[in-house]
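# Just to be clear, the model below is a prediction. Sequence and coordinates:
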Amino acid sequence: MKDCCGPGYASPAEAINAPREKLLYTIAIYTGTGIQKPDYLATVDVDPESPTYSEVIHRLDMPGIGDELHHMGWNACSSCHGDSSMSRKFLILPGVRSNNLHIVDTATDPRAPRLHNVIDGAEIKAKADLSGPHTVHCLGSEIIISFLGNAKGEAPGGYLQLDKDFNIVGRWENSMGNIKFGYDFWYQPRHNIMVSSEWAAPNTFMPGFDLEEVGHLKYGRELHFWDFEKKEPVESFYLGEDGLLPLEVKFHHDPDSTHGFCGAALSTNVIHWWKDHDGKWQWEKIIDVENELHPEWPIPLPGVMSALLVSMDDKYLYVNNWLHGDMRQYDITDPHNPKLTGQVFMGGLLGRAPTVNGVEVTGGPQMFQLSLDGRRLYVTTSLFSTWDNQFYPEIREKGGVMVQIDCDPENGGMTISPDFIVDFGKEPNGPSRCHEARYPGGDCTSDIWL
Amino acid sequence: MMLHRVTLSNRNGATYSVNGRRPLLEQLRGQGVDLPYGCEYGGCITCAAKLVAGNIDQRRQIALNNRQIANGYVILCVARATSDITLEIGVESHDNLYRNPFLDPLKPHELKADIATPEEL
């Protein structure tokens, strides 16, 4: 990287050739576990040459209990690569339940991040009428965070804008249009487009998952396309039964591409969208994971595709089936016709892989982060404290795990690394649950190119 | 001011005195009881406890479905005591709070209050 430049990389191709990650950050929660300790940011050593490889080497406690840390994001990414005054220094950790935003300095000592500042959840409610923070993205010097509810936890919420010094600017969007729910979002600035998805109101999903509420339209089934500059939605796609709980959305990393993907968690489908030759946005279902019968249960079990990731070279799509217990790799060279090229089981409710590398896996593959070179996929097992408690109650005693899956970007294929496993059931304060992971140098779910 | 006695059945019967105006979570934490909590507005279920005896007012809660209410759960961050009460607190009290919806569906009258239909007798 040149000295003149800001954070990240000039292009996805340059990111792929970045040095291998040596540290990884993941959040770990005690909220909802019965252990009266704060959630924390764990630093995991992922350098095979290090004596502490595959271990948690630092824990940064949040100031209070009950945040439920979940997703996180950087203050800056490749979107301000040309701005030498910016640096990827701070990780923003929202608390879904407390509404607090924790700003963590990861640059002063990358192995031991320190708390820089906390934006109080009550201040966000008072100034922006928002609660239930989820996805964090930066664009240039601005930071935008999706919130799933208003101050009372009612949908659809909106977007909080922070300046580069983490002052609250206010609401980012000019209008929520007819959007019913919020969740994840991603944008592709060269096409002036943002796509957002739908989970549910905080008051609906936070207490747990009542399947019956899906039929009462308390969970989402639409994707929304935004005029990014005007900051308002311009078109919505009703996905129907094919798109129940459309959660994670990702565009291709190639900033010229209009192709993107969404995992509909409950339908367990992948939705693909793109702009056609007439300049119209189109969508189609490209992957449909069938429900499986559990021998003792009355209702067939969906996979629950709660996350989705595109490799930096845009060649592979990774998806999970949290309840079935498998991670899948699809070759999406032709995004209309994905080909299954890899599949591994770890945990899940169907009993196909109860242990991995000698550790009992409670939960199933849930969140994952891919190395920039596409060769190492780090997978964790907890979804959300209340939902974990419903589907995998033993996770209270066993905690979460982090597994590494080795991926073959040349020929396709996945295998579980025999050398790596981090058992969060053995944490000093008792079993915790790890969730989203990020690398200090940027990763496959944070950087957007202008 | 009218005071009520709170007995914690799974904390060796420890007792505390609370008023009927402020939420139980705030008053019990103020007296040193270590309790889980999250949103602090009645929406997230993290602070749920089981009411073993007595009466409370939790009209402001929006987290519980009718089955959870029937099983005695109360949301401490918004619930107020209206009599002397006995509570079981913490996740030890959550044995009936969570259920796998694919294994154990709710009946229409067991949904949350805003979408529940009356029980057919």
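Thanks, I have the structure now.
# Can you show me the strands along chain B?
Read by DSSP state E, chain B holds these strands, from start to end of the chain: B:3-8, B:14-19, B:48-53, B:56-57, B:73-75, B:80-81, B:85-88.
# what residue ranges in the stretch 51-200 of chain A score low on pLDDT?
Within the stretch 51-200 of chain A, not a single segment meets pLDDT under 70.
# Setting aside sequence neighbours, what's the nearest residue to residue A:219?
Closest residue in space to residue A:219, ignoring its immediate chain neighbours: residue A:200 at 4.7 Å, by CB to CB, 6 or more residues apart in numbering or on different chains. Backbone N, C-alpha and C define where each C-beta goes, glycine included.
# Around chain A, which positions in chain B sit nearby?
Residues of chain B that fall close to chain A, judged by CB under 8 Å from any CB of the partner chain: B:34, B:36-41, B:43-46, B:62-65, B:90-92, B:94, B:97-103, B:105-106, B:108, B:111-112, B:115.
# PyMOL command for the buried members of these?
Command for PyMOL, covering only those of those found buried under the criterion 16 or more other CB atoms under 10 Å in any protein chain shown:
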select buried, chain B and resi 36+37+38+39+40+41+43+44+45+46+62+63+64+65+90+91+94+97+98+99+100+101+102+106+111+112+115
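# Can you flag which of the residues of chain B next to chain A belong to helices?
Counted as lying in helices by DSSP state H, out of the residues of chain B next to chain A, is not a single one.
# picking that back up, of the strands of chain B, flag the one that's most buried.
The highest mean neighbour count among the strands of chain B, using mean count of other CB atoms under 10 Å in any protein chain shown, belongs to strand B:73-75: a mean of 26.
# strands paired with it, and their directions?
Strands that pair with strand B:73-75, judged by DSSP bridges, come out as strand B:48-53 (antiparallel).
# ok now the partner strand, how far from the chain's centre?
A distance of 5 Å separates the centroid of the chain from that of strand B:48-53, by CA atoms, centre = their mean, to the nearest Å.
# for stretch A:418-438, same thing?
Going by CA atoms, centre = their mean, the spacing between the C-alpha centre of stretch A:418-438 and its chain's C-alpha centre is 17 Å.
# now stretch A:433-450
Taking the mean C-alpha point of stretch A:433-450 and that of its whole chain, the gap between them comes to 8 Å (CA atoms, centre = their mean).
# For that stretch, list every residue counted as buried.
Within stretch A:433-450, the residues that count as buried by 16+ other CB under 10 Å are A:433-449.
# At which residues are the helices of chain A located?
Listed in chain order, the helices found in chain A under DSSP H are A:12-16, A:121-128, A:202-205, A:212-215, A:385-391, A:395-398.
# Quick one: mean pLDDT over the first one.
Think helix A:12-16. In this model, helix A:12-16 has a mean pLDDT of 96.
# Could I get the buried residue list for it?
Residues A:12, A:15-16 are the ones in helix A:12-16 that count as buried (16+ other CB under 10 Å).
# next one: the longest one
Along helix A:121-128, these residues count as buried under the neighbour rule (16+ other CB under 10 Å): A:121, A:124-125, A:128.
# related to what we said a few turns ago, which stretch among the helices of chain A comes nearest residue B:10?
Distances from residue B:10 to each of the helices of chain A were compared using CB to CB; the minimum, 16.2 Å, belongs to helix A:395-398.
# by contact count, what packs against the closest one?
Contact here means 3 or more CB pairs under 8 Å, 6 or more residues apart in numbering or on different chains; DSSP states H and E; on that basis helix A:395-398 packs against helix A:385-391.
# Let's test this: mean pLDDT of the helix it packs on, rounded?
Confidence over helix A:385-391, taken as the mean pLDDT, stands at 97.
# quick one: is it near chain B?
Yes - where contact is defined by CB under 8 Å from any CB, part of helix A:385-391 touches chain B, namely A:385-386, A:389-391.
# got the CA positions of that helix in CSV?
Once non-C-alpha atoms are left out, helix A:385-391 reads as follows in CSV (Å, rounded to 0.1, in the frame of the first residue of the first chain):
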residue,chain,number,x,y,z
SER,A,385,-29.4,-15.0,22.5
THR,A,386,-33.2,-15.5,22.6
TRP,A,387,-33.3,-17.5,19.4
ASP,A,388,-30.3,-19.6,20.5
ASN,A,389,-32.2,-20.3,23.8
GLN,A,390,-35.2,-21.6,21.8
PHE,A,391,-33.4,-23.9,19.2
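# got a list of contacts for that helix?
By CB atoms under 8 Å, 6 or more residues apart in numbering or on different chains, the surrounding residues in contact with helix A:385-391 are A:29, A:31-33, A:68, A:205-209, A:322-323, A:349, A:363, A:382-383, A:395-396, A:433, B:44-46, B:94, B:97-101.
# Also stretch A:345-364?
Under the criterion CB under 8 Å, 6+ apart, residues A:292, A:294, A:301, A:320-327, A:344, A:365, A:379, A:381-383, A:388, A:391-392, A:394-395, A:398-401, A:403, A:416, A:418, A:420-421, A:423, A:425, A:433 lie in contact with stretch A:345-364.
# Quick check on those residues: which are buried?
With burial judged by 16+ other CB under 10 Å, the buried subset of the contacts of stretch A:345-364 is A:292, A:294, A:301, A:320-327, A:344, A:365, A:379, A:381-383, A:388, A:391-392, A:395, A:398-401, A:403, A:416, A:420-421, A:423, A:425, A:433.
# Please name the bridge partners of residue A:421.
Per DSSP bridges, residues listed as beta-bridge partners of residue A:421: residue A:403.
# Enumerate every residue touching residue 76.
As the question left the chain open, I've gone with chain A. Residues in contact with residue A:76 (CB under 8 Å, 6+ apart) are A:6-8, A:86-89, A:138, A:141, A:164.
# that's the other chain; I wanted chain B
Taking CB under 8 Å, 6+ apart, one finds B:23-25, B:28, B:35, B:37, B:47-49, B:89 in contact with residue B:76.
# got the CA coordinates for the longest helix along chain B in PDB?
When every helix of chain B is counted residue by residue (DSSP H), the longest turns out to be helix B:24-30. Listed in PDB are the C-alpha atoms of helix B:24-30, where the atom choice follows Å, rounded to 0.1, in the frame of the first residue of the first chain:
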ATOM      1  CA  LEU B  24     -39.300  -3.800  39.900                       C
ATOM      2  CA  LEU B  25     -36.000  -4.100  38.000                       C
ATOM      3  CA  GLU B  26     -35.000  -0.600  39.000                       C
ATOM      4  CA  GLN B  27     -36.000  -1.000  42.600                       C
ATOM      5  CA  LEU B  28     -34.400  -4.400  43.100                       C
ATOM      6  CA  ARG B  29     -31.200  -3.500  41.400                       C
ATOM      7  CA  GLY B  30     -31.100  -0.400  43.600                       C
END
